[in-house]
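**Q** Sequence first, then the predicted structure:
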Amino acid sequence: QFLPGKDPVLFLNNPAGLSADLHQKMVEKMLAVQQEELRVRGEEAIQSRIKQMEMAFRMQTAVPEVTDISTESKATLERYGKAVKRPGSFARNCLIARKLCAQGVRFIQLFHPGWDHHTGINSRYPKVSSDVDQPAAALLQDLEDNGLLEETLVMFVSEFGRTSYAQGGASGKGGDYGREHHRDAFSFWVAGGGVKPGISYGETDDFGFDVAEGKVTANDFHATMLHLLGIDHERFTYRFQGRDYRLTNVAGNVVNPILA
């Protein structure tokens with residue numbers, strides 16, 4: 001988990017008196033001990049431990065560079081917007097996400113809270129949407145310019161949508177109304193990673209209340225995501241307490257029309 005401020009990852013910096021060279025030597029000695037254990041005992045768990053130590057050290061040495069945006073060009077920073085200069089902003093996180101992709105990080109999750117607009121949607125929605133629109137577009141363009149978008153699946157999703165009708169009355173005092181949670185019809189977008197660009201899939205009824213055509217369930221979405229990652233969701237199972245489980249449970253179909 002990355003945090004805003006001087007130490008984006010807690011407990012990552014070396015303590016006072018421990019230089020980077022000395023730390024590296026310490027890790028090398030630890031790995032040498034584990035390699036000898038592997039030679040003597042030959043257990044897979046030891047091999048896994050060695051890989052974890054090596055990965056942890058690579059992460060520790062890579063984080064300072066990944067979180068440093070001072071080497072980015074003026075044009076790149078302007079593409080993400082003014083908020084990119086503020087640690088912890090969605091814009092800064094989008095730029096760091098591109099840098100993480102370039103370093104080979106396989107899974108990155110960004111959050112932007114504050115969308116629970118049961119009231120005050122007229123004043124609150126423009127603010128949060130402006131926080132994400134430019135940085136999200138900049139991230140896609142940046143990934144493409146760096147040759148990463150084709151192999152990176154980007155998903156902009158939420159846990160549910162909002163009702164198409166007002167909550168609290170559309171003519172409430174000062175227009176201080178909002179919208180209720182709505183699970184039956186809402187949208188998300190995906191890009192890169194084998195997705196067909198420039199299309200929309202599915203339609204709601206005239207009121208935006210329910211799906212009229214092209215409904216994608218959570219199981220369908222996960223099946224499609226796994227397919228794009230090279231995994232057949234019907235074959236990818238694990239056994240637990242005497243039965244086989246899969247990530248899409250007993251449902252889910254790949255949404256082929258959105259595939260490139």
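**A** In hand now; what should we look at? Quantities reported herein were computed from a predicted structural model and do not represent experimental measurements.
**Q** just for the stretch 51-200 of the chain, where's the confidence low?
**A** Within the stretch 51-200 of the chain, the stretches with pLDDT under 70 are 170-175.
**Q** can you map out the helices along it?
**A** Applying DSSP state H, counting those that start in this stretch to the stretch 51-200 of the chain gives helices spanning 74-80, 90-102, 121-145.
**Q** helices and strands around the second one, which ones?
**A** So the one you mean is helix 90-102. On a contact count with 3 or more Cβ pairs under 8 Å, 6 or more residues apart in numbering; DSSP states H and E, helix 90-102 meets helix 44-66, helix 74-80, helix 121-145. Using the backbone N, CA and C atoms, a C-beta is placed for each residue, glycine as well.
**Q** Dump these to CSV, plus distance to I199.
**A** Formatted as CSV, those follow (distance: least, Cβ to Cβ, whole Å):
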stretch, distance to I199
helix 44-66, 33
helix 74-80, 24
helix 121-145, 15
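**Q** got JSON lines for these, with mean neighbour count and distance to A223 too?
**A** Shown next, in JSON lines, are those (neighbours: other Cβ atoms under 10 Å; distance: least, Cβ to Cβ, whole Å):
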{"stretch": "helix 44-66", "mean neighbour count": "13", "distance to A223": "30"}
{"stretch": "helix 74-80", "mean neighbour count": "15", "distance to A223": "33"}
{"stretch": "helix 121-145", "mean neighbour count": "16", "distance to A223": "24"}
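**Q** For L228, which of these is the nearest?
**A** Minimum separation from L228 across the helices and strands packed on helix 90-102 (Cβ to Cβ) falls at helix 121-145, 15.1 Å.
**Q** For that closest one, what is the distance to the chain centroid?
**A** Distance, stretch centre to chain centre, for helix 121-145: 15 Å (Cα atoms, centre = their mean, to the nearest Å).
**Q** Just want the angle from it to helix 90-102.
**A** Interaxial angle, helix 121-145 versus helix 90-102 (axes from the mean of the first three to the mean of the last three Cα atoms, to 10 degrees): 30 degrees.
**Q** can you list contacts of helix 121-145?
**A** For helix 121-145, contacts defined as Cβ atoms under 8 Å, 6 or more residues apart in numbering pick out 76, 79-81, 83-84, 89-91, 93-95, 97-98, 101, 112, 114-115, 117, 149, 152, 154, 156, 175, 177-179, 191-192.
**Q** Among these, name the buried ones.
**A** Taking 16 or more other Cβ atoms under 10 Å as the criterion, what is buried in the contacts of helix 121-145 is 76, 79-81, 83-84, 89-91, 93-95, 97-98, 101, 112, 117, 149, 152, 154, 177-179, 191-192.
**Q** Relative to V33, how far out is the spatially most distant residue from the centre of the chain?
**A** Residue farthest from the centre of the chain, counting by Cα atoms, centre = their mean, is V40 at 41.2 Å. Applying Cβ to Cβ, to the nearest Å, the value for V40 to V33 is 11 Å.
**Q** Equivalent analysis for Q141, please.
**A** Distance from Q141 to V33, by Cβ to Cβ: 47 Å.
**Q** S200 now?
**A** Applying Cβ to Cβ to S200 and V33 gives a distance of 57 Å.
**Q** residues in contact with the nearest residue to F207 once chain neighbours are set aside?
**A** Of all residues beyond its chain neighbours, the one nearest F207 is S164 (5.6 Å), with distances taken as Cβ to Cβ, 6 or more residues apart in numbering. Counting by Cβ under 8 Å, 6+ apart, S164 makes contact with 179, 182, 207-209.
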